[in-house]
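Participant: For reference, the sequence and a predicted model appear below.
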Amino acid sequence: MITRRCFCSSAPRPWLFVGLGNPGDKYKGTRHNVGFEMIDAFAKAQGIEMNTLNCKAIFGQGFVGDAPLLLAKPQTYMNLSGESTGALAAYYKLPLNRFHDDMDLPCGVLRLQDKGGHGSHNGLKSVIYHFRGNREFARLRIGIGKPPGQMDPKAFLLQKFNASARERIDTALQEGVEGLKLLLLKGLTESARRFNTEQKYKHIRLQTMPT
């Protein structure tokens, strides 16, 4: 059982997966909280309980195969995500991966990257700041589409998904679970190549469809 296995010094160094979002029922189900949803979907699939608080984050730990894993949902609000993420990474001295919403991808399209900038994402800005400018950490981008017309992007982010977009996101979350399992078992280079190839064709199908 997951709860009986230990993170001992002879075991492989764990991964830390961090999902970005805002705490509280007010933000549940909004576009800005798909990072939290990715963590929840992965935890449920792997039987990992998210039942403790650590470094200002809801926290859980478990295994995928023999790979040890830590999961976190910072409770600092999006713009201060780095306070929690930086503290967790420093405390555990871990490689990490992060999940966040992205308006530059069509709704439901995913992208796994080994590094990158913040792309005006305030949560990523905070994390990079608390990593002292280091941008070389893996991230899973979750497409939420672009605001329609002249809609304020901030208002768009805090809206809940409509029925068709919700269906795309639910499918994407399950695809993300499989992609992250592949990451843990095969490593970032191989998993990103295979995963992003699949998502590329999905991107082509969806990029002209309404969100």
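Facilitator: Happy to help now that I have it. Numbers count the residues shown, from 1 in each chain.

Participant: Show me what the longest helix that the chain contains is packed up against.
Facilitator: Across the chain, the longest stretch assigned as helix under DSSP state H is helix 163-186. Counting contacts by 3 or more Cβ pairs under 8 Å, 6 or more residues apart in numbering; DSSP states H and E, helix 163-186 is packed against helix 34-46, strand 57-64, strand 67-74, strand 96-102, strand 110-113, strand 138-143, helix 188-206. For the C-beta atoms, the positions are set from N, CA and C on the backbone; glycine is no exception.

Participant: mind listing what's buried in that helix?
Facilitator: Under the neighbour-count criterion of 16 or more other Cβ atoms under 10 Å, helix 163-186 has 165, 168-169, 172-173, 175-177, 179-184 buried.

Participant: where does the protein dip in pLDDT?
Facilitator: Where the chain drops to pLDDT under 70, the residues are 1-11, 95, 117-120, 203, 206-211.

Participant: Show me the residue at the heart of it, geometrically.
Facilitator: F99 (1.6 Å; Cα atoms, centre = their mean).

Participant: ok, now which ones touch it?
Facilitator: 17-20, 34-35, 38-39, 139-140, 142, 176 (Cβ atoms under 8 Å, 6 or more residues apart in numbering).

Participant: Using a markdown table, lay out the residues you listed together with distance to L188.
Facilitator: Listed next are the contacts of F99 as a markdown table, based on distance: Cβ to Cβ, whole Å:
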| residue | distance to L188 |
| --- | --- |
| F17 | 13 |
| V18 | 16 |
| G19 | 18 |
| L20 | 19 |
| V34 | 21 |
| G35 | 18 |
| M38 | 17 |
| I39 | 18 |
| R139 | 11 |
| L140 | 11 |
| I142 | 17 |
| G176 | 15 |
